[in-house]
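S.K.: heads up, no residue letters with this:
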Ligand SMILES: [Zn+2]
Ligand SMILES: [Zn+2]
């Protein structure tokens, strides 16, 4: 069946949501138009406002609508421990374990020479500056337990070797080949607690 | 973990999508903001445009951005058979079987005395007018195979008893207690083919 152009456009646009296939997108479009037009308009506004006003924290580079995010500006966190992650959603995953009270640094993904993504694209230069200019005593490398995440962790470990900070990698309690954001809180808390020293 | 107000608002707004729980909404919000802001803006625009420009076909009452929908204005469909459905997404479900070439009439749901929803709320008066003023020879009652859908079908059958049209109910190939929109095409095609005469 062919849809009218506008309905088809809405269905196609809904496909930008992760995990939404053609069938779900159809159901969502009809549901919104028939049952919840107010919800649809509220969602449209939230999307526009979020995209225009949410940027990245200047310190940790996670998503934030303020220059410095709530975590970085908190006074009750341990600023001597820095947890390195691949993306903002991983901050969420670690925060939800309730087992970490340090600060974060969010890379823009992982090293991927095949895609031409090198250290400077990830912000590793900014990370090194931060380590050198602050009182950080330990780096926890919590990049994803994938080949690229491991390579990124080892690259960072090599770069900070002479800076006198402790460097650890989260324990392999997290399933190898998986993505951090899908790991349950218990496993992730365990992985953080069981981190092993690299340097 | 508490989110910044804007991120929280986006997550909450995404919950208006059917089948999206708190975890999926978080994943969607972070994905859009971090990886696909252009997709988010395109979705916002499609939502606003759709809600403002898509209404209901004057004849069959399905969702349509034109006064008369494509199905009602098609010249190659059998205008003597009218299929009665509970909602626009059911039109989609029946169309996708490829087994029906008549026209449609979409009710606004089903009779529900407990919620104070009576025949006139569903548009049954409009349906009766249409049956009386056109060359319709058969009504296929394809409301959902639920208690309310059955009651609605029987109510309509009783109303048109003296109008000289054939009235049939889709066969119980569709699972009892289920919703039409989730029935696979084969089962639905079978149910349409095996419809039994009520009058
Ligand atoms: Zn921050
Ligand atoms: Zn129509």
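M.R.: All right, it came through fine. What you see is a predicted model; the values in this text were computed from it and never measured. Ligands and ions are numbered 1, 2, ... in the order given.

S.K.: what about chain A, any weak spots by pLDDT?
M.R.: A:1-2, A:172-174, A:176, A:196, A:199 (pLDDT under 70).

S.K.: could you list the domains of it?
M.R.: The record's domain parsing of chain A by automatic domain parsing lists A:7-53, A:79-169.

S.K.: near chain B at all, the last one?
M.R.: Yep, that's domain A:79-169 we're talking about. Yes: residues of domain A:79-169 contacting chain B under CB under 8 Å from any CB of the partner chain: A:87, A:88, A:89, A:92, A:95, A:96. In short, each C-beta sits where N, CA and C put it, glycine included.

S.K.: from those residues, which land in helices?
M.R.: A:88, A:89, A:92, A:95, A:96 (DSSP state H).

S.K.: list the residues that contact residue A:20.
M.R.: Going by CB atoms under 8 Å, 6 or more residues apart in numbering or on different chains, residue A:20 touches A:14, A:28.

S.K.: list the buried residues of stretch A:105-119.
M.R.: A:105, A:106, A:107, A:109, A:110, A:111, A:117, A:119 (16 or more other CB atoms under 10 Å in any protein chain shown).

S.K.: between the residues you listed, which sits nearest residue B:183?
M.R.: residue A:109 (42.2 Å; CB to CB).

S.K.: helix, strand or coil for that closest one?
M.R.: Following DSSP: H, G, I helix; E, B strand; the rest coil, the label given to residue A:109 is coil.

S.K.: residue A:85 is in contact with that one, correct?
M.R.: No: using CB atoms under 8 Å, residue A:109 is not in contact with residue A:85; the gap is 10.3 Å.

S.K.: returning to what we had before: redo the domains of chain A as TSV? Include distance to residue B:175.
M.R.: Listed next are the domains of chain A as TSV, based on distance: least, CB to CB, whole Å:
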stretch	distance to residue B:175
domain A:7-53	18
domain A:79-169	38
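
S.K.: out of the ones you listed, which comes closest to residue B:45?
M.R.: Of all the domains of chain A, domain A:7-53 comes closest under CB to CB, at 7.5 Å.

S.K.: show me which helix runs longest in chain A.
M.R.: From DSSP H, the single longest helix across chain A is helix A:37-53.

S.K.: how about the helices in chain A?
M.R.: Going by DSSP H, chain A shows helices at A:5-14, A:22-35, A:37-53, A:70-73, A:88-97, A:119-122, A:124-132, A:147-160, A:185-193.

S.K.: nearest to residue B:131, of these?
M.R.: Once these are compared by CB to CB, helix A:22-35 is nearest, at 23.7 Å.

S.K.: would you mark the buried spots in that closest one?
M.R.: Result for helix A:22-35 [16+ other CB under 10 Å]: buried residues A:24, A:25, A:26, A:27, A:28, A:29, A:30, A:31, A:32, A:33, A:34.

S.K.: and what of stretch A:79-97?
M.R.: A:81-95, A:97.

S.K.: next up, the contacts around the nearest residue to residue A:66 once chain neighbours are set aside.
M.R.: Spatial nearest neighbour of residue A:66, excluding adjacent residues (CB to CB, 6 or more residues apart in numbering or on different chains): residue B:4 at 7.1 Å. Applying CB under 8 Å, 6+ apart to residue B:4 gives the contacts A:54, A:64, A:65, A:66, A:69, A:70.
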